[in-house]
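*Asks:* 3D, please:
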Amino acid sequence: MTSRDDMTDINASPQSALENNQFDNEQFDMASIDITTATDTAQLPQPLQPPVQQATYKAHATDFIVNELLPLEFTGEGEHLWLHIQKLGMNTAYLAKLLSEWAEIPLRDVGYSGLKDRHALTTQWFSLRIPKKQLPAAEFAPVDIGADESVTIIDQKWHNKKLNRGTHRANQFIITLRDIQFADFDTALPAPEQLLSAKQDVEQHLASIAINGVPNYFGPQRFGRNGNNIREALSLFARPRPPQQSRPQPKKSKRKHAPRKQNTMELSAARSLIFNEILALRVRDGSWNTGLAGEVFNLEGSGSIFTSEAIDDTLRERLETGDIHPTAALWGKDNDKVSGMAASTEKNVIQQNPLLARLANGLEQRDVKAQRRALRLPIEALYWEWQDKDNEQTLVLSFTLTTGSFATSVLASLVKQLIY
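*Replies:* Now for the predicted structure:
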């Protein structure tokens, strides 16, 4: 058994998707592919039958609450003012722009950890670099917002560092599902005992996923409306790759600049679709939470990974307790850590699907490095409460997910059809 500590830097591919692949640029016909259906995450398989047939999601902005969890000890000094902000009906990037205009600082001097949903009530931290701590004379009270938008500063702290992307550990979600339909009852108003039984089924399901987790699918927002981000990725890959130009560093400068990431949205969507399809197959064959020979495992709560040629009793016990999780590729070059049955599974999923093969080709041609992502998503602190009124079944869920995961993955395991 060998080990590797950095999950994000893994170079992970059994065989290039370009090898023995008949789906090249000339033969690939985008018009023959139903992108909308291919990116419909509601059709992805689940290990357990969802007990709710249908529910209304995000009927109101306050039906979807996200609280950023960023445990940090502030220094109380430094030139970065950190603001804990609650916002409603406004996206993160626009709020960052408003903050930069209020503080009269460049937008690059405004930091935040993650993007939060616009159609939600969210709390998150922002940092503003304020030279010499010279705050604006007026309080932050933006007027260029809509009637359904609001911004409130909850707290503020001085710190010696800027808030960077991906800093927060997790997000807490409080989600209200309305107009719940459990199943096709014989009557329009089911008997009390039928409702009681249906609710018990839901609660048993929730108790199960609280222990076992759910498939760690990427949510529909990753692919855009009707899969448009995948269409953009295909258009990008159809174009010749521009020649790389290196900028000479000034002789006296020792600062190392990270390469600029271009077309991030398209590349991310392409990798996410491939990952979802690999995970879907692993859900169908039951190996998504048990592992395969040649698996790359992720250590729970960290980016650490290790490989194993075979599944022994020790690994089975660690898998059962949630200490480790099987992974699949976020596709790219050098996907060479996975082997055996796990590698064959990933390669076959791509080679048997012309859309995935084209996306894999495009990612490799642009020198995107492979990474790994856990197939299983643990759910922390899962609680629920029924809030029924006027014969309408309403369920409020509260749970915490690690950064980079999707609340829609939890909802998809519970509800067959989300209406919003």
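*Asks:* Residue 94 sits in which helix or strand?
*Replies:* Taking DSSP states H and E as the criterion, residue 94 maps to helix 92-103.
*Asks:* Tell me who's in contact with residue 113.
*Replies:* Residue 113 makes contact with 68, 70, 124, 125, 163, 164, 165, 166, 167, 168, 403, according to C-beta atoms under 8 Å, 6 or more residues apart in numbering. Glycine gets a C-beta too; all of them are placed from N, C-alpha and C.
*Asks:* Now, those that are in strands?
*Replies:* 68, 124, 125 (DSSP state E).
*Asks:* Can you tell me which of these lies closest to residue 219?
*Replies:* residue 68 (17.4 Å; C-beta to C-beta).
*Asks:* got a list of what that closest one touches?
*Replies:* Residue 68 sits next to 113, 114, 116, 122, 123, 124, 125, 168, 171 when contact means C-beta under 8 Å, 6+ apart.
*Asks:* By neighbour count, which of those residues wins?
*Replies:* Neighbour tally across the contacts of residue 68 (other C-beta atoms under 10 Å): the maximum, 26 neighbours, falls on residue 122.
*Asks:* where does it land in three-state SS?
*Replies:* The three-state label given to residue 122 by DSSP: H, G, I helix; E, B strand; the rest coil is strand.
*Asks:* what are the bridge partners for it, then?
*Replies:* Under DSSP bridges, the beta-bridge partners of residue 122 are residue 66, residue 87.
*Asks:* which residues sit in contact with it?
*Replies:* 65, 66, 67, 68, 86, 87, 88, 116.
*Asks:* returning to that earlier point: chain center to the helix holding residue 94: distance?
*Replies:* 24 Å (C-alpha atoms, centre = their mean, to the nearest Å).
*Asks:* Buried residues in the top strand by length along the chain, which are they?
*Replies:* Ranked by residue count under DSSP E, the longest strand found in the chain is strand 170-181. For strand 170-181, the neighbour count (16 or more other C-beta atoms under 10 Å) marks 170, 171, 172, 173, 174, 175, 176, 177, 178, 180, 181 as buried.
*Asks:* burial count for the closest residue in space to residue 106 that isn't next to it in sequence?
*Replies:* Nearest residue to residue 106, sequence neighbours excluded (C-beta to C-beta, 6 or more residues apart in numbering): residue 100, at 6.6 Å. Neighbour count of residue 100, defined by other C-beta under 10 Å: 18.
*Asks:* Was I right to think residue 100 contacts residue 109?
*Replies:* Yes - Residue 100 sits in contact with residue 109 when judged by C-beta atoms under 8 Å, with a separation of 7.1 Å.
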